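Participant: okay, structure incoming, though there's no sequence with it:
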Ligand SMILES: *Cc1c(COP(=O)(O)O)cnc(C)c1O
């Protein structure tokens with residue numbers, strides 16, 4: 001949408017959100033739930049603040065950024081009085097101190113050591129930080145996240161760390177050719193979400209199942225996602241500078 005005027009981009013965002021909200025409602029109902037049971041996060045990496053604020057004006061209550069530096073830069077320009085921000089990208093331990101207290105939830109916790117660092121910095125700040133455990137749901141070499149095999153054991157270790165509270169699971173699904181393949185990945189995530197929640201372990205709450213992006217959010221909802229992270233379908237193709 002780079003070649004469009006700001007006005008045209010504002011109306012495209014509005015139009016896109018209308019369509020996405022309708023599709024979320026339809027998929028939620030098809031999975032036996034209501035639209036209100038599924039939260040839409042607008043993923044705002046590379047998007048300029050005026051367009052993010054426009055999406056917030058259209059009713060977006062949750063935004064996601066991948067990079068600590070980018071959140072900190074944009075935060076002063078955003079209308080966040082009625083909108084929360086989450087970190088959804090891989091976090092390095094030297095950036096933890098900067099991000100703790102700036103976001104409601106860190107969705108991309110992919111090791112025990114990063115959870116320990118988040119706990120330590122949260123305690124220093126006098127807060128508890130909500131985290132999601134990132135799962136490498138497609139067992140891809142190139143992706144961050146816990147393997148399905150180790151997830152429960154690592155969750156138990158992390159549950160004992162002061163200053164963090166496990167609030168659910170997230171994944172970035174692999175690119176699949178067939179719908180049945182991606183549905184199976186999401187269904188497997190949902191099963192782990194339910195199984196771990198059923199164990200009722202102290203400091204492990206399975207409230208949030210964050211999965212599904214622009215290309216696969218409908219399939220994710222059909223398999224039980226209650227938070228979808230949508231970027232390009234709202235804001236247009238990303239241009240990396
Ligand atoms: C970029 C990104 C998204 C959104 O991707 P789109 O395909 O543009 O919807 C969602 N989750 C994560 C972790 C991302 O990095």
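Facilitator: Cool, the structure landed. Quick caveat, the model's predicted, so the values are computed rather than measured.
Participant: does residue 106 belong to a helix, a strand or coil?
Facilitator: Classification of residue 106 using DSSP: H, G, I helix; E, B strand; the rest coil returns strand.
Participant: ignore the last one, residue 114
Facilitator: Residue 114 is classified as helix under three-state DSSP.
Participant: cool, and residue 143?
Facilitator: Under three-state DSSP, the three-state class of residue 143 is coil.
Participant: now do the contacts for it.
Facilitator: 136, 172, 174 (CB atoms under 8 Å, 6 or more residues apart in numbering). No exception for glycine: its C-beta is placed from N, CA and C like everyone else's.
Participant: now the second one: closest residue in space, sequence neighbours ignored.
Facilitator: Okay, so that is residue 172. residue 143 (6.4 Å; CB to CB, 6 or more residues apart in numbering).
Participant: filter the contacts of residue 143 down to the ones close to the ligand.
Facilitator: Subset of these in contact with the ligand: residue 172, counting by CB under 6 Å from any ligand atom.
Participant: for residue 68, grab phi and psi.
Facilitator: phi -60, psi -50 (degrees, to the nearest 10).
Participant: does it touch residue 88 like I think?
Facilitator: No - the pair residue 68 / residue 88 is not scored as a contact, 11.4 Å apart, by CB atoms under 8 Å.
Participant: would you mind listing what in this structure touches the ligand?
Facilitator: So the chain meets the ligand at 43, 45, 66, 88-89, 172, 213-215, 229-233 (CB under 6 Å from any ligand atom).
Participant: can you redo those residues as a markdown table with pLDDT?
Facilitator: Formatted as a markdown table, these follow (pLDDT from 0 to 100):
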| residue | pLDDT |
| --- | --- |
| 43 | 98 |
| 45 | 97 |
| 66 | 98 |
| 88 | 98 |
| 89 | 98 |
| 172 | 96 |
| 213 | 98 |
| 214 | 97 |
| 215 | 96 |
| 229 | 98 |
| 230 | 98 |
| 231 | 98 |
| 232 | 97 |
| 233 | 98 |
